[in-house]
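Novice: Here is my input, please return the structure:
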Amino acid sequence: MRTKFHEQLDALTDRLTSMCRLAGAAIEAATDAVVHADLRAAEWVFDLTEQIEAVRGPCDEQALALLALQAPVARELRQVITGVHLVTDLSRMGGLAQHVAESVRRRHPAHVSSGEAQQLLERIGRVAGEMAAVAARVLATRDPGLAAELDRRDDDLDALHAMLLGRIQDPGWTGGVTAAVDVTLLGRFYERFGDHTVVVGRRVIFLATGAQPPR
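Specialist: Numbers count the residues shown, from 1 in each chain. Below you'll find the model as predicted:
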């Protein structure tokens, strides 16, 4: 009986890892769309987020079935509850990537940003994509050391985000109000995406050790 439980738990982990990889692909495609004003890349983001939500349903159902039918205890219960929370985190990551793509679609064929602001957005987007890739490996391996790496990368993303906001607030900004609003929102979407990857890492540390990591 417990063997079947652990097989089902492994299947849940595989689905969660798939959701994370899809979210990473979505934020990368969204960044391509921002940089190139690429409507096709933006539309691909919507396809990817649909795939994320398609995986979410079976994850929710499997987690509820494990709770209701397998009577998990101690560490097993922690694994299932963590999985339930992770489903929400990963779905939100997909949603944030979609928000970025929506900004591109709204301004197409024009770019949503230009110059240094666009360069910073690209750097932020690539860091976010790297963080999603690390988070997927964390989910697959449950490696607390790798999970802790996400905090360091999030510091890098936050530093770039601060630079972006500084650029917008600079008296020399010539991009106009509309571009400033767009860039501010895009920066916030990327920042929240990175935050969710950190939460994924923290949940995995809790799963592996039973202790909440220090903030």
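Novice: number of nearby residues for the nearest residue to Pro58 once chain neighbours are set aside?
Specialist: Excluding the flanking residues, the one nearest Pro58 by Cβ to Cβ, 6 or more residues apart in numbering is Arg15, at 6.3 Å. Any C-beta I mention is one placed from the backbone N, CA and C, and that applies to glycine too. Arg15 is flanked by 21 other residues according to other Cβ atoms under 10 Å.
Novice: For Arg15, give me its contacts.
Specialist: By Cβ atoms under 8 Å, 6 or more residues apart in numbering, the contact set of Arg15 is Val55, Pro58, Cys59, Gln62.
Novice: most surrounded residue in these?
Specialist: Ranking these using other Cβ under 10 Å puts Cys59 first, with 24 neighbours.
Novice: check contacts around Gly24.
Specialist: Gly129, Ala132, Ala133, Ala135, Ala136.
Novice: for those, which one is nearest Thr174?
Specialist: Closest approach between those and Thr174, by Cβ to Cβ: Gly129, at 29.1 Å.
Novice: any chance of the contacts of Arg15 in TSV, with pLDDT too?
Specialist: Putting the contacts of Arg15 into TSV (pLDDT from 0 to 100) gives the following:
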residue	pLDDT
Val55	93
Pro58	87
Cys59	86
Gln62	80
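Novice: Buried ones in the host helix or strand of Val87, by neighbour count?
Specialist: Assigned by DSSP states H and E, Val87 falls within helix 74-107. Neighbour counts over helix 74-107 (16 or more other Cβ atoms under 10 Å) mark 76, 78-83, 86-87, 89-104, 107 as buried.
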